[in-house]
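Colleague: what's the 3D shape of this:
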Amino acid sequence: MFSTRLPAALAPNAITRARASLRARGITLIDLTETNPTAVGFTYPADLLASLAAADALRYAPDPLGIASAREAVAREYARSGSTISADHVMLTASTSEAYALLFKLLCNPDDEVLVPQPSYPLFESLTTLEAVRARPYRLDSHGYWSIDRQSLIAAMTDRTRAILIVSPNNPTGSLLRRDDLEWLVEVAADRRIALISDEVFADYRLRPMGFSSSCLGEPRALTFTLGGLSKSAGLPQVKLGWVVVSGPKDLAEEALERLAIIGDAYLSVSTPVQLAAPALIASGAAVRSQIQARLETNLACLDRLVAAHPSVSLLAPEGGWSVVLRVPATESEESLVLRLLNESHVVVHPGFFFDFDSEAYLVASLLPKPDEFETGIGKVLAAVTTSN
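Modeller: Numbering: from 1, shown residues only. The predicted structure follows:
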């Protein structure tokens, strides 16, 4: 009766079951996987959402790409970092996930393929499957810093490849797109007439950049879609406003925008109030963004100090974003270790296999939790790793 685009088995995994069982017993957990900025003690301006009550929102005058004032606000926001883009090349979406769905509709027929990075956030499989598109992985290699395994990307390409997905900063590795990798990707994409989709939602959060990195924003040589949104840039996931910036050769970019307008007109998913409020929300985001950046730096410094006392553990130093990766001794499976941390230490972390790391053992944590909770939780993690060693 139901679509095969949904999972056949809906039962939760062992880690989810253990976590639910502990909470049902009233046990307080230190959640080192928390990535919700509204749940970790940041102070939001009291009137931040006042602009959502604008009287003009009572009038419905939709634009399939988004209201002009909101698209102009996005363009001005990029100017803050020195990038010049045209508001005419911006499309508003309700989220980054929706942006992917719209782009897959634009670029792909059923059973066409997109290339996705691994390790990376495990949402791509769901998003592609729901759009009847196939995700084919290419690897990121770590050798002091992360870069694209070019051989694996070429091997993943077929005559049905329609796009290459890039995430920079990547979640969870924290890696940035290397400038030489971008130059190579542009050459490959332009030569084969496939698109680049660059998820740069964490771009505001730089930690320890290494070498020469680059953004895809405004890339003129290959059809390129750069994603952003308020969820990360202003710490407002509940407001539901994202965007896509279209660039590339003039004819391709203009045709892509025309076709996106047809798709957008079929959904008109972004609410009028949030579009009218976009200029104020984007401008107010700086106050929250500075708190998030300070939290990331505080917790990363704490992590450095704690890991230094455990030579068997190494931190894969993040260049940006909200996550960190710890490489730990592979004395037990990642699942076993994560379950032991839950049941004995009451600490929640992600196993590396959630993100398709190609070997064990890795643990992934968020840098967003409150500093005292983060320090306590990481201390318990390192003690457990030492115990298991």
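Colleague: residues in contact with the strand ranked longest in the chain?
Modeller: Ranked by residue count, the top strand of the chain under DSSP state E comes out as strand 134-142. Applying C-beta atoms under 8 Å, 6 or more residues apart in numbering, the contact partners of strand 134-142 are 111-120, 124-125, 128-129, 146-149, 152-153, 156-158, 160-161, 164, 170, 173, 175, 316, 356, 358. The way it works is simple: take the backbone N, C-alpha and C, and place the C-beta from them, glycine included.
Colleague: can you check stretch 179-199 too?
Modeller: 96, 100, 103, 107, 114, 147-148, 150, 153-154, 157, 161-168, 177, 211-217, 219, 221-227, 248.
Colleague: in the stretch 51-200 of the chain, which segments are predicted with low confidence?
Modeller: For the stretch 51-200 of the chain, no stretch is flagged by pLDDT under 70.
Colleague: Going along the chain, name the helices of it.
Modeller: Taking DSSP state H, counting those that start in this stretch as the criterion, the stretch 51-200 of the chain carries its helices at 68-79, 96-107, 124-130, 150-156, 179-192.
Colleague: taking these together, which one is wrapped up most tightly?
Modeller: Among the helices of the stretch 51-200 of the chain, helix 96-107 has the highest mean neighbour count (mean count of other C-beta atoms under 10 Å), at a mean of 21.
Colleague: Mind listing residues that contact it?
Modeller: Taking C-beta under 8 Å, 6+ apart as the rule, helix 96-107 contacts 91, 93, 114, 123-124, 127-128, 130-131, 133, 162-163, 195, 197, 199, 201, 225, 227-229, 231, 242-244, 256, 259-260, 263-264, 267, 269.
Colleague: try it again with 7 Å
Modeller: With contact meaning C-beta atoms under 7 Å, 6 or more residues apart in numbering, helix 96-107 is reached by 93, 123, 127-128, 131, 133, 162-163, 195, 197, 199, 201, 225, 227, 229, 231, 242, 244, 256, 259-260, 263, 269.
Colleague: Out of the residues you listed, which end up buried?
Modeller: Using 16 or more other C-beta atoms under 10 Å as the burial test, the contacts of helix 96-107 include 93, 127-128, 131, 133, 162-163, 195, 197, 199, 201, 225, 227, 229, 231, 242, 244, 256, 260, 263 as buried.
Colleague: Out of the residues you listed, list just those in strands.
Modeller: Short answer: those in strands (DSSP E) are Thr93, Arg162, Ala163, Ala195, Ile197, Asp199, Phe225, Leu227, Gly229, Gly242, Val244.
Colleague: Would you point out the most distant pair within those residues?
Modeller: Greatest spacing in those, by C-beta to C-beta: Arg162 and Gly229 (22.9 Å).
Colleague: Pretty sure Glu375 sits in a strand.
Modeller: No. Read with DSSP: H, G, I helix; E, B strand; the rest coil, Glu375 is helix and lies in no strand.
Colleague: quick one: it and Cys302 touch, right?
Modeller: Yes. Judged on C-beta atoms under 7 Å, Glu375 makes contact with Cys302 at a distance of 5.2 Å.
Colleague: need the contact list for Ser168.
Modeller: Contacts of Ser168 by C-beta under 7 Å, 6+ apart are Leu176, Leu177, Ser198, Glu200.
Colleague: Likewise for Ser231?
Modeller: Ser231 neighbours (C-beta under 7 Å, 6+ apart): Ser95, Thr96, Val201, Pro237, Gly242.
Colleague: quick one: it and Asp372, what's the gap?
Modeller: 26 Å (C-beta to C-beta, to the nearest Å).
Colleague: quick one on the thing from earlier: could you pick out which of the contacts of strand 134-142 are located in strands?
Modeller: Those of these lying in strands (DSSP E): Glu113, Val114, Leu115, Val116, Pro117, Gln118, Trp146, Ser147, Ile148, Thr161, Ile164, Leu316.
Colleague: Count the residues that sit near the third one.
Modeller: By the measure other C-beta atoms under 10 Å, the count of residues near Leu115 is 23.
Colleague: Identify the bridge partners of it.
Modeller: Counting by DSSP bridges, Leu115 forms beta bridges with Arg136, Ile164.
Colleague: Please state the backbone phi and psi of Ala286?
Modeller: Note on Ala286: backbone dihedrals following degrees, to the nearest 10 are phi -60, psi -40.
Colleague: Then the one 10 residues further on?
Modeller: The phi and psi torsions at Leu296 (degrees, to the nearest 10) take the values phi -60, psi -50.
Colleague: cool, and the one 5 residues further on?
Modeller: Note on Ala301: its backbone torsions stand at phi -60, psi -40 [degrees, to the nearest 10].
Colleague: what about it, neighbour count?
Modeller: 11.
Colleague: Could you do Arg206 as well?
Modeller: 17.
Colleague: Find the nearest non-adjacent residue to it, please.
Modeller: Gly320 (4.8 Å; C-beta to C-beta, 6 or more residues apart in numbering).
Colleague: The one you found reaches Thr173, doesn't it?
Modeller: No. Between Gly320 and Thr173 there is no contact under C-beta under 7 Å: 10.0 Å.
Colleague: This structure - how does it break down into domains?
Modeller: Here the domain parsing of the chain from automatic domain parsing is 14-43+286-388, 52-284.
Colleague: Ala8: which of those is closest?
Modeller: Of all the domains of the chain, domain 52-284 sits nearest to Ala8, with 11.5 Å by C-beta to C-beta.
Colleague: Adding distance to Ser3 as columns, could you present the domains of the chain in TSV?
Modeller: Compiled in TSV, those are given as follows (distance: least, C-beta to C-beta, whole Å):
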stretch	distance to Ser3
domain 14-43+286-388	23
domain 52-284	9
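Colleague: So for Arg5, which of those domains sits nearest?
Modeller: Nearest to Arg5, of all these, is domain 52-284, at 5.2 Å by C-beta to C-beta.
Colleague: how long is that closest one end to end?
Modeller: In domain 52-284, first residue to last residue: 13 Å (C-alpha to C-alpha, to the nearest Å).
Colleague: quick one: it to chain centroid distance?
Modeller: Per C-alpha atoms, centre = their mean, to the nearest Å, the displacement of domain 52-284 from the mean C-alpha position of its chain is 10 Å.
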